[in-house]
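Trainee: how would this look folded up:
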Amino acid sequence: MADRTLRGTRIGATSLQGEKGVELSPRRPIEYLTDRGNRFTIMFDADAEPPVEWVDQKSGEVGFLDDEAGRTARTEFEEKEASQRTPWDMLIERRSREELEELLEERLQLLRARRGGQDGA
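Mentor: Next comes the predicted model:
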């Protein structure tokens, strides 16, 4: 039975199909521009509509198309980012600064009391 084992290549290691007769679909390069002025190019299918924003793989920055649609998307992105409320903003809406300082002092006293109790034990 050992002399009848199948031998071959590892799965996925190499393709047994050649490139002869294979026709690649037409492609086109699309250029994106980041806020820092870095340009990067992504290849898309010729028929595909490119998205207005794309993340640069090298820098991690968000790039936008360098056309009218890209400028509009960039403006919307900046407005959305500026209008986002942080946890601090939401906290200030619920409590006044004086209340927060009072709560902070109470918590600090509690922590100091615990720490003082552990140091003496």
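Trainee: quickly find the element holding Ser25.
Mentor: Under the criterion DSSP states H and E, no helix or strand holds Ser25.
Trainee: number of residues surrounding it?
Mentor: Number of residues near Ser25 (other CB atoms under 10 Å) recorded here: 8. No exception for glycine: its C-beta is placed from N, CA and C like everyone else's.
Trainee: state the distance from it to Glu49.
Mentor: For Ser25, the distance to Glu49 (CB to CB, to the nearest Å) stands at 15 Å.
Trainee: with Glu105 instead?
Mentor: Glu105 is 58 Å from Glu49, where distance means CB to CB.
Trainee: same check, this time on Leu33
Mentor: From Leu33 to Glu49 the distance is 18 Å (CB to CB).
Trainee: between the two, who's got more neighbours?
Mentor: The residue with more neighbours, out of Leu33 and Glu49, is Leu33; 19 against 8, by other CB under 10 Å.
Trainee: pretty sure the more buried one sits in a strand.
Mentor: Yes: when classified by DSSP: H, G, I helix; E, B strand; the rest coil, Leu33 is found to be part of a strand.
Trainee: can you pull the contacts of the closest residue in space to it that isn't next to it in sequence?
Mentor: In space, Leu33 comes closest to Asp66 once its chain neighbours are excluded; the distance is 4.6 Å by CB to CB, 6 or more residues apart in numbering. With contacts defined as CB atoms under 8 Å, 6 or more residues apart in numbering, Asp66 is in contact with Glu31, Tyr32, Leu33, Arg39.
Trainee: quick check: phi and psi at Asp66.
Mentor: phi -90, psi 60 (degrees, to the nearest 10).
Trainee: Glu93 is in what secondary structure piece?
Mentor: Per DSSP H and E: Glu93 is located in helix 87-94.
Trainee: chain center to that helix, what's the gap?
Mentor: Here helix 87-94 is found 26 Å from its chain centre; the criterion is CA atoms, centre = their mean, to the nearest Å.
Trainee: kindly report the same for stretch 21-41.
Mentor: 19 Å.
Trainee: flag every buried residue along that stretch.
Mentor: Ile30, Tyr32, Leu33, Thr34, Phe40 (16 or more other CB atoms under 10 Å).
Trainee: and the second one, what is it in contact with?
Mentor: Pointing back at Tyr32 there. By CB under 8 Å, 6+ apart, Tyr32 lies in contact with Arg39, Phe40, Thr41, Ile42, Glu53, Trp54, Asp56, Gly63, Phe64, Leu65, Asp66, Gly70.
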